[in-house]
Every structure is written in structure tokens, then in C-alpha cells.
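Participant: sequence plus the predicted model coming up.
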Amino acid sequence: MNVLQAAPGSAYFLDPSKPEIETHTLAVIVDNEPGVLARVIGLFSGRGYNIDSLTVSETQHEKHVSRITIVTSGTAAVIVQIKHQLERMVPVHSVADLTVQGQAITRELAMVKVAGTGEKRVEALRLADAFRARVIDAGTTSFIFEITGKSDKVEQFISLMVPLGLVEVARTGVAGITRGPEGMKE
Amino acid sequence: MATTEMTGAEIVLKALADQGVEHVFGYPGGAVLPIYDEIFQQEKVKHILVRHEQGATHMAEGYARSTGKCGVVLVTSGPGATNAVTGLTDALMDSIPMVCLTGQVPTHLIGNDAFQECDTVGITRPCTKHNYLVKDVNDLARILHEAFYVATHGRPGPVVVDIPKDVQFATGRYVGPKNIEHKTYRPKVKPDQNAIRAAVELIASAKRPVLYTGGGVINSGTTASKLLREFVALTNIPITSTLMGLGAYPASGKNWLGMLGMHGMYEANMAMHDCDVMINIGARFDDRITGRLNAFSPGSKKIHIDIDPSSINKTVRVDIPVVGDVAHALEDMIRVWKSKSLSLDKKAMDAWWKQIDGWRARDCLKYRKNADVIMPQYAIERLYELTKHMDTYITTEVGQHQMWAAQFYKFEDPNRWMTSGGLGTMGYGLPAAVGVQMAHPKSLVIDIAGDASVQMTAQEMSTAVQYRLPVKIFILNNQYMGMVRQWQQLLHGNRLSESYSEALPDFVKLAEAYGCVGIRCDKPADLDGKIKQMIETPHPVIFDCRVASLANCFPMIPSGKAHNEMLMGEDVPDEEVGTAIDAKGKMLV
Ligand SMILES: Cc1cc2nc3c(=O)[nH]c(=O)nc-3n(C[C@H](O)[C@H](O)[C@H](O)COP(=O)(O)OP(=O)(O)OC[C@H]3O[C@@H](n4cnc5c(N)ncnc54)[C@H](O)[C@@H]3O)c2cc1C
Ligand SMILES: Cc1ncc(C[n+]2csc(CCOP(=O)(O)OP(=O)(O)O)c2C)c(N)n1
Ligand SMILES: [Mg+2]
């Protein structure tokens, strides 16, 4: 082989194949200490993983334990790697892949501000009713709806509001929990 | 547990002493002055004053790797902390236990862009195993002990503890190190016994097995190396190792195939490619090892023993994962192997060894000898021959000389070989040697260096002189960034962009300027005598070994290639390489 005529090479092996992408919801139990969220987010940005949604809140105040729910996407191997990378972080208690465990319920809350008058206003109210969105603020020219559900339901509602005068959306991101009597390992 | 009140700075020194720390590598500054004041007033912990904070981190790494203990670093805020970042990252990549204490501006000034303030925990978060900002002096002792626990347990790594100056002055409770672990962090050390049994059964059924061992064996401690040797003796399986695992199995052992990987031995890479069962013990399928992933050992079943689950199935899918510490896993495997009186298929093993001997006969490290110019390979061969009977530790910089050192210096024991593998930090070897010498004052400590790398941290010679640490800096001076040039020759059409070492200092004069001894050698015939002179010199030495400028490091798996597509020295004749060299370069030969 005449390497001297080879095309410019790389120091690394570049894999051109494009494997299938999956979306998973992970629940991560962590010590609620300074910097813990930065650590988790830094892991995702540093290693090039995706964050589609992230929510965090302290769930056990006495023990200073928080629960982070992350929706991420990647190949099956990458998802497993993400779980292991999270698990090895010092303040992480446990990680559950709710998507692999199946049986998980995920919900998201959105507040949707819509402004308009006449036909559009009536139509917005009618659709909100169909989606079981509540009116949490109303004026003569605007509404704020509160809608809870799976992300795709929220998504669909928002897209229906676009032609009806959508002004602003605030979403919480996804929270998830498994069905049945058992809790998550801590 | 007795609790006592003391200042934060006193707590730091007390905690270090209680952790058994004897040496701290550091550099003072405004934000750590209270701690330096305490250092002045005690005798248990010895402080080694470096010349640049990066030097302190590499010293701590060399110290740690050569002793199995945790290395300790102390630096000031701002520039002190940022200068330590390279060494922290190096320690993270190579799994070296280190605790680095950084000073910080007083808590009430944090976030104000105060003098010499930087976001140390923010900057070091991705380059440490864990880090802490201490906001309350009453947490300080616990955090310090926890930092040592985290740095040394599970997969080792660097931990930063950032201590604001007001916390150093404040008075608080001291608690001792007893019963301190971490409330959450519990690495799994003992492997699952079903996995062990499955692994042993798979090994016993193998016809062409190979052991692929790595830095994890060194991390696990000397018992792991002993058990590894026992397992090899028991099974007669051929064994290779990564750059990081050299010495775990003796190079003189009959089952030794030499290092594997990009610049590894032909027989080792061929055995990896053709094996039917691969047993990875404490190695992480690094890209310098695997080459083209989809051509990596295509026909084998793979066992992977690793303490870090995230190392398993990261790049290469394995059949039997064993999560746990190497020594524990080997102990279990030996016990199961013996209790079942297992043995490998004798006929198959004979055939396998015969094939391996065939590969060995290629003599892949062969190079053209030269009577007029010192070949770099020859220099390492002679260095090895003249030091092998001694109590020797070797460190390296990064480049061709590092690979030649790995190929031609033969290691019989663990913890004798210190090199920057994962990050590949030029400038690692000289301070690392200083750190090793601090831990082993009577031993012979040699940094096998390159002319470019050594200039990155050369100022630490001053540290060596100050503490009477007789390190030997053996520079393979080819007047090139040889490794860069080699890649440019092979992969970038011979365009030697910026890889010539222009305006090198006179290394002998440099040595003298530091108060060390300088030795120069440019003739093969003089080499032995001058190496002996270096060894006998009871002071730090810089040895300027003028070697052939254009030698390249083979064998080599060009990236993107498979293990059985190695490039041998004779595949790239000098004439072709020669066409790459301009008139100025040619004059150097
Ligand atoms: C210029 C250059 C060229 C190089 N060429 C080569 C080459 O040709 N060949 C080569 O081998 N390397 C080469 N390297 C080094 C390479 O980049 C990697 O650093 C090296 O291969 C990694 O070694 P390792 O797999 O043993 O892993 P390490 O980085 O040593 O990691 C150790 C592994 O063991 C695990 N572990 C740690 N402690 C324990 C324990 N107690 N029990 C169980 N598991 C544990 C860790 O989780 C980790 O997965 C080169 C480097 C440079 C700079
Ligand atoms: C800090 C740092 N910068 C750049 C590199 C890239 N690099 C790898 S090897 C090398 C050249 C090393 O030259 P020298 O020390 O003379 O060693 P030689 O290869 O000639 O033996 C360079 C620049 C590196 N590894 N580390
Ligand atoms: Mg050089």
C-alpha cells in the first residue's frame, strides 16, 4: 500500500453510518447540592447528547433530594451510555429509564396566551374546551389557557392556537413516573 | 469522635495530616495565604514549591502513579486554578487519584469579578471527577475527607476543593477522617458471581484467547498485578497491554506479546484481530487500540472487566460485562478456575501459540542500525540495558520518543511507568519525574523526553534543583516535533507545516543555567559511556541525546485501518520519506 498517496487522513476513525434515533425519558434522583444541575447539563453538552426537555425540583426536602426528568434522544447504545454516565456522577443516587421500563406516565403543563376577538376568540374557547384546557386568565381581547397532558397533546393544542392569535407559550417540560405500587430506587 | 474548634486553614493542614499526606505540590498566592501560614507552622506535611501550577499537577500525578497514593496540589485562586486545569484533565483521562485545593476570593465577593476571581468549580466541573466550593467552615473537614474518598475509590480521578479566603480564616469544627465516605457515592467493587462464572466458562472454551489488559490493573493496586500473573500462569493465555498498563505483567514473561494498538506490536494486534475470546481487564477500548471499529476483532466473543459501567459497551459491544475491581474479579476467576479444575484445549492452544510465534518472527520493531547517527530506538535500547538492573522509574513526554520508550523499554513491575496516555500532554514527563523522585528519593528516575515537549515545563528543573531531586531528563533530540512530522509525511502530502523545532536552546547550557549537569551525545560509540555518566551523577541531569532527525515510529496502524493492516517500517522506505524533506531538513540528518 502506498500510504504516501492516500487522501489526507484523520487521527480518528470516522463512522459514516447513521443508526436509528430513539426518544427516552429518564428520571434522575440527585442530592440537591449547589451545581448539581450544571453538572448534569454539562454532561449532556460536553458529550454531545441531546436534551429535548428537562425539569427539576426538590422532591424530598428533609433529605435535600431532587428529581430531574430528562427527555433525550439518541441511538439505543447512546441512551444506555447516558444512563451509565449519569449514574457515575458523585451526587447521583439512581437513574431510571422510564421508556425502557414501559408503563410510565409522562405529563407536561403549558400556559398558552391567545389574543383576538370575534370568531377567532369563540373558536379558541371551543377548542380549549375540547382539549380540557382551563381558562386561568381572561380579558376582553385575550385568554390564558392552562393545559396538562402528554407533550404531543400540548403540542397539538398550541399549533391549533397559532392561527387563532397565539401570543406566548410557557411550558414546564416533562415530568414522568411509573405506574403501580413501587417507587423508584433511591 | 472528638470535635475541636480551629480555623479553616488549620483544618486544611489537620485534614491533610490525618489523611496521611506527606507531600503537597503547590504555589502560593493571595487567596491561599492563610493556608501557607499554617504550612509554615507545622512539620507533618512537606510543601514542594513548583514553578508553574501545571507542574504541580503533573508532579502529583507522577507521585500518585508511582506510589498508588493520592497526589495533592495546592494553588491560589484565578490564574493558579486555571493553570492547574491541564493537569486536572490529564488526571481525569488517565484515572489518577488527586486532590487539588484551590484558594478562592472571600464568599461575599464571589460573583463580583473580584481580584483574581474565576469560577473555579465551573471551569473544573468537566475536568474533575467531582468538585466542591466550601461555603461554611463547618463543612470543610468533612468535604476534605470526602474529597480523598472520592478521588481514591471506584475509578480514581481528580477532585477540586475550592476554599474561599474567609472560610480559611473562620473558626469551625474539625472532624476526623473516620467513617467518612460519601453519602451517595458507592462504587461497585465486588463483581457479580454469575458474570464471573460465565466469563470463566467462556475462557475455558476458547481456542484462541487473548488477554487485553490496561491501566485499570495498575489502578487496582499491586495485588491485581500479582493475581494477573497467577491467572496467566494458570491458563497460559497470551497477554498484551495498553500503554497505560505496562508493567502489570512482566515484559520478560513468556506469555507477553508487548503493547498493542496504533504503535503496538504486530503480534499483539494480530492476536487481538484473530482471537476467538478477548478478555479485557481494566482497559477502555480507546481509539488508539481499536482502529476501525467495524473491523475490530470481528470474530471474537468479548469479556470486559471494569469498575466503571460507563466504560462498558461505550465503543465496543461486549458479550460478558463484569463490573467490579480488577483484583476482586481476578481473585474470583482464579478460584472458580481452580475449583472446577479447568484447562484450555491443549491442541488448540499449541496451534494458537505457533501462529503467534509466526507473527513474532516478523520482528516488527526492527530498524536500520547506523554507525554514525544515534537511532532513537537504539538510544532507548541502550538506556534500558544500562538501567534495567537498577531501581528505575520512567516517565515520558508525548510524541515519537514516548512510543519508542513504550516499545523498547521493558517493564517488569507496575507503577514504574508514568506517561500521559489519554490527554497526551506534552510537558507531563519532566514534572512527573520530579514528583516520582520526591516519593522515591533513592531511585533512578528518568524522563524520556522530546526536544519540543521538554520546553513546555522545563522551568521545573529549578524545583528539582531546589529539593535536590536528581531526576534525569533524557531528551531524544530529533530537532522536530517528530510525531507531528510523521503524520504530515504519511497523511498530509509531506507538507511539514510548523513541525520543525526552530531555535532550540542549547540544552547543556540550559542545564547549567539551572544549576544541573548537562551532557550531550551525538555518536553511537559514545552513548554507553555518557549514559553511565548520567546515571552516576548524583544531581539532576539534562541529557541532550542527538538522534536521527527523520526516523519514524513503526509499526503503526494508520487510523481508519484494521489491526491486520499494520504499516511496518520497511513499507515506507526512507527514500520516499526523504522526498518530503526540504534542503534545510536534509542538512540535519
Ligand atoms: C501519541 C500517543 C500514542 C498512543 N498510542 C497508543 C498505542 O499505540 N497503544 C496504546 O495502548 N495506547 C496508546 N496511547 C494511549 C491511549 O491514548 C490511551 O491512553 C490508552 O490506550 C488507554 O489505556 P487503557 O485502555 O488501559 O485505559 P485507562 O485510561 O488506563 O483506563 C483504565 C480503565 O480501567 C478502569 N479501571 C480503573 N480502575 C479500575 C479498577 N480498580 N478495577 C477495574 N477497572 C478499573 C477504568 O474505568 C477505565 O475504563 C497513545 C497515546 C499517545 C499520547
Ligand atoms: C500540549 C500539547 N500540545 C500539542 C500536542 C500535539 N503534539 C503531539 S506530539 C507533538 C510533537 C512532540 O515533539 P517532541 O517533544 O520533540 O517529540 P518527538 O515526537 O519528536 O519525539 C505535538 C506537537 C500535544 N500532544 N500536547
Ligand atoms: Mg522531537
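Facilitator: Happy to help now that I have it. Ligands and ions are numbered 1, 2, ... in the order given.

Participant: so who does the residue sitting nearest the centre point of chain A touch?
Facilitator: Taking Cα atoms, centre = their mean, the centroid of chain A lies closest to residue A:53, which sits 2.2 Å from it. Contacts for residue A:53 were tallied using Cβ atoms under 8 Å, 6 or more residues apart in numbering or on different chains; they are A:69, A:70, A:71, A:108, A:151, A:173, A:174. Heads up, the C-betas are built off the backbone N, CA and C, glycines and all.

Participant: show me those that map onto strands.
Facilitator: Those of these mapping onto strands are A:69, A:70, A:71, A:108, per DSSP state E.

Participant: burial measure for the first one, as a count.
Facilitator: The reference is to residue A:69. 23 (other Cβ atoms under 10 Å in any protein chain shown).

Participant: pretty sure it sits against residue A:172.
Facilitator: No. Look at residue A:69 against residue A:172 with Cβ atoms under 8 Å: they stay out of range, at 10.0 Å.

Participant: any common contacting residues for these two?
Facilitator: Shared contacts of residue A:69 and residue A:172, defined by Cβ under 8 Å, 6+ apart, are found at residue A:55.

Participant: who's the residue nearest to the centre of chain A bridged to?
Facilitator: When assigned by DSSP bridges, residue A:53 has beta-bridge partners residue A:71.

Participant: if we can go back for a sec, of all the ones in strands among the contacts of residue A:53, which two lie farthest apart?
Facilitator: A:70 and A:108 (13.2 Å; Cβ to Cβ).

Participant: tell me which of those two has more neighbours.
Facilitator: With neighbours defined as other Cβ under 10 Å, residue A:70 and residue A:108 compare such that residue A:70 has more, 26 against 23.

Participant: right, and the more buried one touches residue A:37 too?
Facilitator: No. Contact between residue A:70 and residue A:37 fails when scored by Cβ under 8 Å: they sit 10.8 Å apart.

Participant: and residue 152, how many neighbours?
Facilitator: As the question left the chain open, I've gone with chain A. Residues within reach of residue A:152, counting by other Cβ under 10 Å, total 9.

Participant: try again with chain B
Facilitator: By other Cβ under 10 Å, neighbour count at residue B:152 equals 19.

Participant: equivalent analysis for residue A:109, please.
Facilitator: For residue A:109, using other Cβ under 10 Å, the count is 16.

Participant: any idea how far residue A:151 is from it?
Facilitator: Counting by Cβ to Cβ, to the nearest Å, the gap from residue A:109 to residue A:151 is 11 Å.

Participant: the lowest-mean-pLDDT helix or strand in chain A vs chain B: in contact?
Facilitator: Lowest by mean pLDDT, DSSP states H and E among the helices and strands of chain A is helix A:98-101, with a mean of 88. No. Helix A:98-101 does not reach chain B (Cβ under 8 Å from any Cβ of the partner chain); its nearest approach is 14.8 Å.

Participant: tell me what that helix is packed against?
Facilitator: In terms of contacts (3 or more Cβ pairs under 8 Å, 6 or more residues apart in numbering or on different chains; DSSP states H and E), helix A:98-101 is packed against strand A:22-31, strand A:175-178.

Participant: in its sheet, which strands sit next to the longest one, and in what direction?
Facilitator: Going back to what we said before, that points to strand A:22-31. Strand A:22-31 has these strand partners (DSSP bridges): strand A:65-74 (antiparallel), strand A:92-97 (antiparallel).

Participant: and that strand, what's buried?
Facilitator: A:24, A:25, A:26, A:27, A:28, A:29, A:30, A:31 (16 or more other Cβ atoms under 10 Å in any protein chain shown).

Participant: number of nearby residues for the closest residue to residue A:115 other than its chain neighbours?
Facilitator: Nearest residue to residue A:115 in three dimensions, chain neighbours excluded: residue A:142, at 4.2 Å (Cβ to Cβ, 6 or more residues apart in numbering or on different chains). Applying other Cβ under 10 Å, we find 17 residues neighbouring residue A:142.

Participant: can you count the residues close to the closest residue to residue A:28 other than its chain neighbours?
Facilitator: Leaving aside its sequence neighbours, residue A:28 sits nearest to residue A:68 (Cβ to Cβ, 6+ apart; 4.3 Å). Other residues near residue A:68 come to 21 when the count uses other Cβ under 10 Å.

Participant: where do the strands sit along the stretch 251-400 of chain B?
Facilitator: B:256-259, B:277-281, B:301-306, B:320-323, B:392-396 (DSSP state E, counting those that start in this stretch).

Participant: can I get these in TSV including mean pLDDT and mean neighbour count?
Facilitator: As requested, these are arranged in TSV below (pLDDT from 0 to 100; neighbours: other Cβ atoms under 10 Å in any protein chain shown):
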stretch	mean pLDDT	mean neighbour count
strand B:256-259	98	22
strand B:277-281	98	26
strand B:301-306	98	25
strand B:320-323	98	22
strand B:392-396	98	28
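
Participant: for chain A, what's the nearest residue on the stretch 151-300 of chain B?
Facilitator: residue B:185 (4.7 Å; Cβ to the nearest Cβ).

Participant: ok so, going back, Serialize the strands of the stretch 251-400 of chain B to TSV and add fields for distance to ligand 1.
Facilitator: What follows is the strands of the stretch 251-400 of chain B, written out as TSV (distance: least, Cβ to the nearest ligand atom, whole Å):
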stretch	distance to ligand 1
strand B:256-259	6
strand B:277-281	8
strand B:301-306	5
strand B:320-323	9
strand B:392-396	9
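
Participant: can I get the ones you listed in a markdown table with distance to ligand 3?
Facilitator: Below are those laid out as a markdown table (distance: least, Cβ to the ion, whole Å):
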| stretch | distance to ligand 3 |
| --- | --- |
| strand B:256-259 | 21 |
| strand B:277-281 | 33 |
| strand B:301-306 | 35 |
| strand B:320-323 | 41 |
| strand B:392-396 | 12 |
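
Participant: adding distance to residue B:24, write those strands out as JSON lines.
Facilitator: Below are the strands of the stretch 251-400 of chain B laid out as JSON lines (distance: least, Cβ to Cβ, whole Å):
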{"stretch": "strand B:256-259", "distance to residue B:24": "34"}
{"stretch": "strand B:277-281", "distance to residue B:24": "33"}
{"stretch": "strand B:301-306", "distance to residue B:24": "31"}
{"stretch": "strand B:320-323", "distance to residue B:24": "34"}
{"stretch": "strand B:392-396", "distance to residue B:24": "20"}
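
Participant: out of the ones you listed, which is closest to residue B:501?
Facilitator: strand B:392-396 (17.3 Å).

Participant: do the closest one and ligand 2 come into contact?
Facilitator: No. Using Cβ under 6 Å from any ligand atom, strand B:392-396 never reaches ligand 2; the gap is at least 9.3 Å.

Participant: assign residue A:50 to helix, strand or coil.
Facilitator: coil (DSSP: H, G, I helix; E, B strand; the rest coil).

Participant: that should have said residue B:410, apologies.
Facilitator: Relying on three-state DSSP, one would call residue B:410 coil.

Participant: okay, now it: neighbour count?
Facilitator: Around residue B:410 there are 16 residues (other Cβ under 10 Å).

Participant: could I get the pLDDT score of it?
Facilitator: Note for residue B:410: predicted pLDDT of 98.

Participant: cool, and residue B:557?
Facilitator: 89.

Participant: now it: how far from residue B:263?
Facilitator: 8 Å.
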